[in-house]
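S.K.: Pasted the sequence and its predicted model underneath.
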Amino acid sequence: MSALLEIRHLSIGYRTDGGLLRAVDDVSLTVPAGQTVGLVGESGSGKSTLALAVTRLLPSPPAEMLGGAILFEGRDLLNATTQELQAIRGGQIGYVFQEPATSLNPVYTVGTQLLEAIHLHTPHRGAAATEYAVDLLTRVGMPDPAQRLRAYPHELSGGMKQRVMLAMAIAAQPKLLIADEPTTALDVTIQVQILQLLQRLQDELSLSLLFISHDWHLVESLADSVGVMQTGRLVEFGPRDVVLRQPTHPYTRHLLQSVPAVPWLEGP
Amino acid sequence: MARPRLWHNRLAAAGLTIVGLLIVVAAAAPLIARHDPSAIDLLHPLDPPSGQHWLGTDSLGRDVWSRWIYGARISLEVGVIAVGIALLIGTLIGAMAGYYGGWIDSVLMRCVDVMLCIPTFFLLLAVIAFLQPGIGTIMVVIGITGWMGIARLVRAEVLTLKEREFIQAARGLGASDARIILRHLLPNAIAPILVAGTLGIGGAILTESALSFLGLGVQPPTPSWGNMLIEAKATLGVAWWLTVYPGLAILITVLGFNLLGEGLREQWGRR
């Protein structure tokens, strides 16, 4: 099986007072096993809607699935039951969101939340679960992992919180990780660390990655193939080098031209 | 962290002191009471306050101080359990309405509106008319007529909380609705719920006193501040101590809970 996730002609609308707004319009894309797909587009282009729609996380109402299919390992998630979806979320498909500062529940310690993820999707219990939690924090490069279990989110920096989110996301060893602008809220130096971490985890766990960003540089360094979204449509999709070097759609060219040239970032 | 700041708010500190004292008095009632609260002494009816009977005796010669202290027990018990019931119902309904939205929200909130349309006291009297009066009844009845405000409060709180990213993150982790509501939403809404609960205890104690005064609440010989008052009504002209002390007790207790509730509200900086 080559395609882990295959989205076919997916359309999603938001019901508003002014009528139906098509946030995602007839989008088809494929995430092959073990590969990284980068999704680029400006704010409001439907990237995040698409990302959330994969495991049906969009609140409905106002969101409505208007048609298409989301095939994960050949199964259409649009027909899945709530129980099946809950097993897939976090179990098969992990999420990392944009705002690490608000993605952790402020009233629980890191350990409690990490253990929740472990209890939901793995057989580890008791001391074994705690051990596994420490192991996960170690893998995401958290300093003093055993101590950090007792820390509350407000005691951690943004980068550390994103590491915790990653640890939670990979707890069940998912096959696909959906990262929705995972570094946008972080300092540039931390961004690089998180990206390197993502790449390392991807290699270690043979993860597929759906990476959503508005930053061409990040997508260029991470993605095997790239999709470009504009007002709900996927206007371009293909191998990274093709999309970046020979873009066919005028919007892609327009986007690429708007990237500030930073010569010293160009690799050898 | 929380206590010292609350302590600096003088009114809240007063409330906390009153409530704390009340709890101690109620808990230690058998130790503090100098007589059996129900022991009748027909040779000494309507004795004024003295060394033997600190707050005097009532028309049956029972010791007012002892009855007063056991009354605190009843009032606290009724207040806390009635509010507990109201919190349970209100939180559950408010959380479901806020979390699920849509028609579930509409139906539940219309129920709340309907309940709020009926004057609470009339509702209380109507429900009690069908039931055996007593402490248990009164707790349940005050509870099931007092949850609407809490439901609205919890709904509003959940509506804002559910948009927060950690709720989305929890859903993305595969948490069930029940888990999200109970483990992630409600613990974050605990502050306003506690404030409402504290203020509600004062109200519940007042309602209990009023119902007992009307003879529909706590039944004699069990002492409650409300039924002490009605027993005192007949001898109002000759024995002032029979009305003043239970009345003061109700006043101070309700004041204490309200001050504490307001203090907590200020402390947590929210409605």
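M.R.: Good, I have the coordinates.
S.K.: where does A:Met65 land on pLDDT?
M.R.: Model confidence at A:Met65, given as pLDDT, is 88.
S.K.: Over to B:Leu16?
M.R.: 91.
S.K.: Pretty sure it sits in a strand.
M.R.: No. B:Leu16 is assigned helix when assessed by DSSP: H, G, I helix; E, B strand; the rest coil, not a strand.
S.K.: count of neighbours near it?
M.R.: By the criterion of other C-beta atoms under 10 Å in any protein chain shown, B:Leu16 has 19 neighbours. Heads up, the C-betas are built off the backbone N, CA and C, glycines and all.
S.K.: So for it, what's the nearest residue that isn't a sequence neighbour?
M.R.: Excluding its sequence neighbours, the residue lying closest to B:Leu16 (C-beta to C-beta, 6 or more residues apart in numbering or on different chains) is B:Leu260, at 5.4 Å.
S.K.: and stretch A:82-95, anywhere near chain B?
M.R.: Yes. Judged by C-beta under 8 Å from any C-beta of the partner chain, stretch A:82-95 and chain B are in contact via A:85-91, A:94-95.
S.K.: how about those in JSON lines, adding pLDDT?
M.R.: Listed next are the residues of stretch A:82-95 next to chain B as JSON lines, based on pLDDT from 0 to 100:
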{"residue": "A:Leu85", "pLDDT": "91"}
{"residue": "A:Gln86", "pLDDT": "92"}
{"residue": "A:Ala87", "pLDDT": "91"}
{"residue": "A:Ile88", "pLDDT": "91"}
{"residue": "A:Arg89", "pLDDT": "92"}
{"residue": "A:Gly90", "pLDDT": "89"}
{"residue": "A:Gly91", "pLDDT": "89"}
{"residue": "A:Gly94", "pLDDT": "92"}
{"residue": "A:Tyr95", "pLDDT": "91"}
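S.K.: and chain B, which residues reach chain A?
M.R.: So chain B meets chain A at B:101-102, B:164-166, B:168-176, B:183-184, B:187-188 (C-beta under 8 Å from any C-beta).
S.K.: Helices - which of those land there?
M.R.: B:102, B:165-166, B:168-172 (DSSP state H).
S.K.: what are the phi and psi angles of A:Val31?
M.R.: phi -110, psi 110 (degrees, to the nearest 10).
S.K.: can you map out the strands along the stretch 101-250 of chain A?
M.R.: A:176-180, A:208-213, A:225-230, A:233-239 (DSSP state E, counting those that start in this stretch).
S.K.: So which residues on the stretch 101-250 of chain A come close to chain B?
M.R.: Going by C-beta under 8 Å from any C-beta, the residues of the stretch 101-250 of chain A near chain B are A:102-108, A:116-117, A:120-121, A:165, A:168-169.
S.K.: List the contacts of residue 162.
M.R.: As the question left the chain open, I've gone with chain A. A:96, A:100, A:182-183, A:186, A:190, A:194 (C-beta atoms under 8 Å, 6 or more residues apart in numbering or on different chains).
S.K.: actually it's chain B I care about, not the one you picked
M.R.: B:Lys162 touches B:98-99, B:185, counting by C-beta under 8 Å, 6+ apart.
S.K.: For those residues, which single residue is the most surrounded?
M.R.: Busiest of the contacts of B:Lys162 [other C-beta under 10 Å] is B:Gly98, holding 26 neighbours.
S.K.: which stretches of the stretch 151-271 of chain B have low pLDDT?
M.R.: B:269-271 (pLDDT under 70).
S.K.: picking up where we left off before, is it possible to get JSON lines of the strands of the stretch 101-250 of chain A that adds mean neighbour count, mean pLDDT and distance to A:Val37?
M.R.: Output for the strands of the stretch 101-250 of chain A, formatted as JSON lines (neighbours: other C-beta atoms under 10 Å in any protein chain shown; pLDDT from 0 to 100; distance: least, C-beta to C-beta, whole Å):
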{"stretch": "strand A:176-180", "mean neighbour count": "25", "mean pLDDT": "92", "distance to A:Val37": "10"}
{"stretch": "strand A:208-213", "mean neighbour count": "24", "mean pLDDT": "92", "distance to A:Val37": "5"}
{"stretch": "strand A:225-230", "mean neighbour count": "24", "mean pLDDT": "91", "distance to A:Val37": "5"}
{"stretch": "strand A:233-239", "mean neighbour count": "18", "mean pLDDT": "89", "distance to A:Val37": "9"}
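S.K.: among those, which is nearest B:Pro221?
M.R.: Nearest to B:Pro221 among the strands of the stretch 101-250 of chain A is strand A:176-180; the distance by C-beta to C-beta comes to 67.6 Å.
S.K.: Compute the inter-axis angle for the closest one and strand A:208-213.
M.R.: 10 degrees (axes from the mean of the first three to the mean of the last three C-alpha atoms, to 10 degrees).
S.K.: now what about strand A:176-180, what contacts it?
M.R.: A:4-5, A:31, A:47-48, A:51-52, A:54, A:72, A:92-98, A:169-170, A:198, A:201-202, A:207-212.
S.K.: go on, stretch A:224-235?
M.R.: A:22-29, A:32, A:35-42, A:44-47, A:50, A:219, A:236-240, A:243-244, A:247, A:249, A:251-252, A:255.
S.K.: measure the residue most central in space within chain A to B:Arg164 for me?
M.R.: Closest to where the C-alpha atoms of chain A average out (C-alpha atoms, centre = their mean) is A:Ala179, at 1.7 Å. Separation of A:Ala179 from B:Arg164 (C-beta to C-beta, to the nearest Å): 19 Å.
S.K.: Equivalent analysis for A:His249, please.
M.R.: 36 Å.
S.K.: No further queries at this time; thank you.
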